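**Student:** Sequence first, then the predicted structure, then my questions.
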Amino acid sequence: GENVEQHPSTLSVQEGDSAVIKCTYSDSASNYFPWYKQELGKRPQLIIDIRSNVGEKKDQRIAVTLNKTAKHFSLHITETQPEDSAVYFCADSGGGADGLTFGKGTHLIIQP
Amino acid sequence: GAGVSQTPSNKVTEKGKYVELRCDPISGHTALYWYRQSLGQGPEFLIYFQGTGAADDSGLPNDRFFAVRPEGSVSTLKIQRTERGDSAVYLCASSLSAGHYEQYFGPGTRLTVT
């Protein structure tokens, strides 16, 4: 079945620096790649997503890039702030509108 | 508007008992998904409805798990003969339709089987 690998599992950065989280997927038919932020005890929140017909998407301090040839996509957060501390999950939808396959998550820690 | 809601927020049950978990999707969303999240893991897909029908139930772990959505809105996840390994947070998500990929999650039901 579909597999999504996510790295790193933990990422600690200084406030104001950038953070990058990377994911790879296995299904070449995958066409939708969302990123979710989950704070402790809360629901996953959709923060940004990208479809296979574009290579990059940006929304204020966050951006996502997609390399379909290499089957990997990345989340970039610039000018990190304390409220960015959370667990971030990448996911992909496979080739259709079925359930998402999630990575194992990255615990992002913003050091003051 | 109102987001996805789930009840109960917490459920403690004894091994072997039957439980029902309820999900109320965003109004107008025709696609509904159930996931299970264990501690320290990402959500794991269980089943997906488009309207009233289960379009994909390939993620259900075994025949003790069943879900319904009789009127195409509220859904109930049913677990028979619960086991300790069923303990997890059960998350529900909805999207506008199967062709609109953005899924919005509810707060989850934390199930503890003792």
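**Tutor:** Done, it's in. Numbering: from 1, shown residues only, chains lettered A, B, ... in the order given.
**Student:** quick one: the strands in chain B?
**Tutor:** B:5-7, B:10-13, B:19-24, B:31-37, B:44-50, B:53-56, B:65-68, B:75-79, B:88-95, B:104-105, B:109-113 (DSSP state E).
**Student:** for stretch A:29-46, what is the average pLDDT?
**Tutor:** Stretch A:29-46 shows a mean pLDDT of 95.
**Student:** and that stretch, is it in reach of chain B?
**Tutor:** Yes - using CB under 8 Å from any CB of the partner chain, we find that stretch A:29-46 touches chain B at A:32, A:34, A:36, A:42-46. Just so you know, the C-beta spots here come from the backbone N, C-alpha and C atoms, and that holds for glycine as well.
**Student:** Would you list the buried entries among those?
**Tutor:** A:32, A:34, A:36, A:43-44, A:46 (16 or more other CB atoms under 10 Å in any protein chain shown).
**Student:** can you put those in a markdown table and add secondary structure?
**Tutor:** Below are these laid out as a markdown table (DSSP: H, G, I helix; E, B strand; the rest coil):
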| residue | secondary structure |
| --- | --- |
| A:Y32 | strand |
| A:P34 | strand |
| A:Y36 | strand |
| A:R43 | coil |
| A:P44 | coil |
| A:L46 | strand |
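**Student:** buried set for stretch B:73-87?
**Tutor:** B:73, B:75, B:77, B:79, B:82, B:86-87.
**Student:** How about the residues of chain A by chain B?
**Tutor:** Counting by CB under 8 Å from any CB, the residues of chain A near chain B are A:6, A:32, A:34, A:36, A:42-46, A:49, A:51, A:89, A:91, A:93, A:96-105.
**Student:** switch the cut-off to 10 Å
**Tutor:** Residues of chain A found near chain B (CB under 10 Å from any CB of the partner chain) are A:1-2, A:4, A:6, A:9, A:31-34, A:36, A:38, A:41-46, A:49, A:51, A:87, A:89-91, A:93-94, A:96-105, A:107.
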